[in-house]
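>>> prediction below, plus the sequence it came from.
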Amino acid sequence: MPSRFTSGVTTEKPWSDSMKNLRLASVLAFLMVTVLSAVAGAQSVEPLLFAAAQRSRPTEDPPLRLAAQKVLTPFAELDKAIVEEGQLLAQINRWNEEGRVPTKNGFSRSLGKRRPVSFRPGASAWAAAAAAPHAGGWAAKSATGDLVWGASVRVEGSYRLRLRLTQVQLPPAARLWIYSGSGESGETVGPFGVEAMVATGAGKGGELWTPSVAGPVARIEVAVPISALKAGDPAPGFVLDEVMEIVKLRPDWRVEDGSVAQSELGECVIDASCSNSIPLNSATLALVQRSVAALQFVSNGVSFLCTGSLMADIAQSATPFLWTANHCISSPGEAASLEAFWDYTSLGCNGPDPDLGGLERSFSSTLLSTGAASDFTLLQLNGIPNGRVFLGWSADPALVSAGTQVHRVSHPQGQAQRYSRSTISSSVLACFSAPQPQFLYHTTNLGGTFGGSSGAALLLPTGQLVGQLTGGCPQNAGTDPFDGCDYDNAEVDGSFAASFSSVAQFIAGAPSGPCINTDTDLCLNKDRFKVEVDWRTPAGATGEGQVVPFRSDNSGLYYFFNPSNWEMLIKVLDGCSLNGRYWVFFAATTNVEFTVKVTDSQSGVVKQYFNPLGQSADAVTDTAAFATCP
């Protein structure tokens, strides 16, 4: 199964029998959020910067660091993969060399032991005054009375490690940590909880893959509050039975062991940190990069690489929705195992990649919607770090007509962010397993994408997401389907417009109900459209625009500071008979910062306009504002 389309595309998981020759690509993210509409009731959101509404748990130190304090034999010790797991390495090499997707970057290894860890308060391990051996690790009580168990797993020559827990039956109050090293120099992730667990069947407990830490040693610590244990209930516990060894890839996509040097991609690849080489405003690019995540997840005992992006919703709720491809993540278990690394950018233009352990990350997610027909997946992350950017989106297929330039930033081969640009084409040869209009076809003219870029968002120059990378489609017999720098290939993205109906319930909200006139809300055009205005002065004072008590059905006035000093005239006009849109016109005589928000109460679609502080406001004549006729 080569990496790009020849007659079709293939991937592991749902697409593995329906797609051939798929090579994946990635994302270009963007700035701020608002809502607008598209034809036939389709909607869109413009980019906006949000503060995080759902913050990941702050990192805390494990209560006892039992596995680091005690001189004991590790729970398990494994030799280098090149010695013990040659067949698994060969399978990864063959998969990646053939260009199959998603790109593999790790494999699970049995620990050879299945010793249940039981948190039974009366057990001798916790009755001792000091730490005592228990189930291949050490058990003790913390200063707060928690039952704590810790152990270590060593894998020689490993790059990064994750641990698998099965038969997990832990209370919601249980806290888990995974860490490397024995002190502050090591990498610590946690606490996290059973929100990352996936049920495996009635009475069988669940399965949980921990986050990853740098090898060669991974240490785990689990704390269960005594207060969470109830008499008569089964004792909480789990089985630690596998380790995921994550590897780096060489330039030829092969891997020998975890110490492989960072690979080099094709000559066309552009480091996203080299803003002078990228045809985007540098401030815009910086915001784009803050929406993109490097994804690692587990499926059937194998670790994979993809790219994903935060996505805004109409309600501007800052819910951490993540958009990627169905051929990347398509099951609850894969979603639960997700690690999303943020701000993974090189250390200066064409500089080295940073250590993953030093990056902020999100761990685990919930699968909301997915579909192979347009290769999309919508996830909700368990949390995100502050300062993220949520991508806007558009479900209007007219905005991706032939000749439109589109952009993306992705993580090829799991490396730091790379940039590419392409042009939508209607003349390329489509691959039969990716029919139009469910898929968008475009030709690259700057930069390139490779395996690991899968699922990366495709964006308009406005910063709106219109698709996500599926793969490549060779256009002639001389095309190299494995080369992301071969511009004779066409790139293929699942169309967001085709996926929109499957995710609208999550990101498009519902009609807001009839507009009611108030001192700050202005209802126009048969009270269908609600107008709201917020302002900010150079001194930092903020407020809401006040409606002047003189209005017509289609137009109204606002003042900010003084009822006798009117600042803004605004209109919402019915242009449905002319161009199938409702229009928004306004003019303001001020240079303070303000935001105008117009909501169609019938569809729930929102359009927002912003004037920066200190700039004299330009008149707005938006004749394409709302495609929600009639």
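In hand now; what should we look at? Numbers count the residues shown, from 1 in each chain.
>>> on the three-state scheme, residue 96 is what?
helix (DSSP: H, G, I helix; E, B strand; the rest coil).
>>> what's the separation between it and residue 304?
11 Å (CB to CB, to the nearest Å). The C-beta positions use only the backbone N, C-alpha and C, and glycine is treated the same way.
>>> looking at these two, which has the bigger crowd around it?
Taking neighbours as other CB atoms under 10 Å, residue 96 and residue 304 compare with residue 304 leading, 29 against 24.
>>> looking at it, residue 566 is touching residue 557, isn't it?
Yes: the pair residue 566 and residue 557 qualifies as a contact (CB atoms under 8 Å) at a distance of 5.1 Å.
>>> which residues do these two both contact?
residue 548 (CB atoms under 8 Å, 6 or more residues apart in numbering).
>>> which neighbours do residue 96 and residue 304 have in common?
103, 104.
>>> and residue 48, what pLDDT?
Turning to residue 48, the model gives it a pLDDT of 57.
>>> show me the contacts for residue 289.
29, 272, 343, 345, 409, 417.
>>> out of those, list just those in strands.
residue 409 (DSSP state E).
>>> kindly list the main-chain dihedrals of residue 333?
phi -70, psi -40 (degrees, to the nearest 10).
>>> oops, could you answer that again for residue 196 instead?
phi -90, psi 0.
>>> does it touch residue 339 like I think?
No: here residue 196 lies out of contact with residue 339, judged by CB under 8 Å, at a distance of 10.1 Å.
>>> so what sits against both of those two?
residue 363.
>>> next, the buried residues of stretch 111-123.
111, 117, 118, 119 (16 or more other CB atoms under 10 Å).
>>> one more: stretch 290-308?
Buried residues in stretch 290-308 (16+ other CB under 10 Å): 290-299, 302-308.
>>> repeat for stretch 324-336
324, 325, 326, 327, 328, 329, 330, 331, 333, 334, 335, 336.
>>> for residue 106, list the residues it contacts.
Residue 106 touches 160, 162, 244, 245, 246, 247, 296, 302, 303, counting by CB under 8 Å, 6+ apart.
>>> helix, strand or coil for it?
strand.
>>> so that it lines up with my notes, have the first residue be 402 from now on.
All right, first residue 402 from here; so that's residue 507.
>>> that one and residue 563, how far apart?
8 Å.
>>> distance of the closest residue to residue 781 other than its chain neighbours relative to residue 732?
Leaving aside its sequence neighbours, residue 781 sits nearest to residue 767 (CB to CB, 6 or more residues apart in numbering; 4.8 Å). Distance of residue 767 to residue 732, given as CB to CB: 12 Å.
>>> please apply the same query to residue 874.
Distance of residue 874 to residue 732, given as CB to CB: 26 Å.
>>> show me which of the buried residues of stretch 512-524 is closest to residue 461.
residue 520 (19.6 Å; CB to CB).
>>> tell me the mean pLDDT for stretch 643-651?
Mean predicted confidence for stretch 643-651 is 88.
>>> ok, stretch 860-868 next?
88.
>>> give me the three-state assignment for residue 814.
Classified using three-state DSSP, residue 814 is helix.
>>> could you measure from it over to residue 944?
Residue 814 is 50 Å from residue 944, by CB to CB.
>>> and the two? Which one has more around it.
residue 814 (24 against 15).
>>> number of residues surrounding residue 765?
Applying other CB under 10 Å, we find 25 other residues in the vicinity of residue 765.
>>> what's the spacing between it and residue 736?
The spacing between residue 765 and residue 736, counted by CB to CB, is 8 Å.
>>> next: residue 867.
Taking CB to CB, one finds residue 867 at 23 Å from residue 736.
>>> low-scoring pLDDT stretches of the stretch 502-651 of the chain, where are they?
For the stretch 502-651 of the chain, the stretches flagged by pLDDT under 70 are 530, 583-586, 602-604, 651.
>>> all strands for it, in order.
Here the stretch 502-651 of the chain has its strands, by DSSP state E, counting those that start in this stretch, at 504-511, 517-519, 533-535, 538-542, 548-556, 561-570, 576-580, 589-593, 599-600, 607-610, 614-615, 618-625, 638-647.
>>> dump those strands to JSON lines, plus distance to residue 480.
Output for those, formatted as JSON lines (distance: least, CB to CB, whole Å):
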{"stretch": "strand 504-511", "distance to residue 480": "10"}
{"stretch": "strand 517-519", "distance to residue 480": "25"}
{"stretch": "strand 533-535", "distance to residue 480": "24"}
{"stretch": "strand 538-542", "distance to residue 480": "21"}
{"stretch": "strand 548-556", "distance to residue 480": "8"}
{"stretch": "strand 561-570", "distance to residue 480": "14"}
{"stretch": "strand 576-580", "distance to residue 480": "22"}
{"stretch": "strand 589-593", "distance to residue 480": "25"}
{"stretch": "strand 599-600", "distance to residue 480": "30"}
{"stretch": "strand 607-610", "distance to residue 480": "22"}
{"stretch": "strand 614-615", "distance to residue 480": "19"}
{"stretch": "strand 618-625", "distance to residue 480": "14"}
{"stretch": "strand 638-647", "distance to residue 480": "11"}
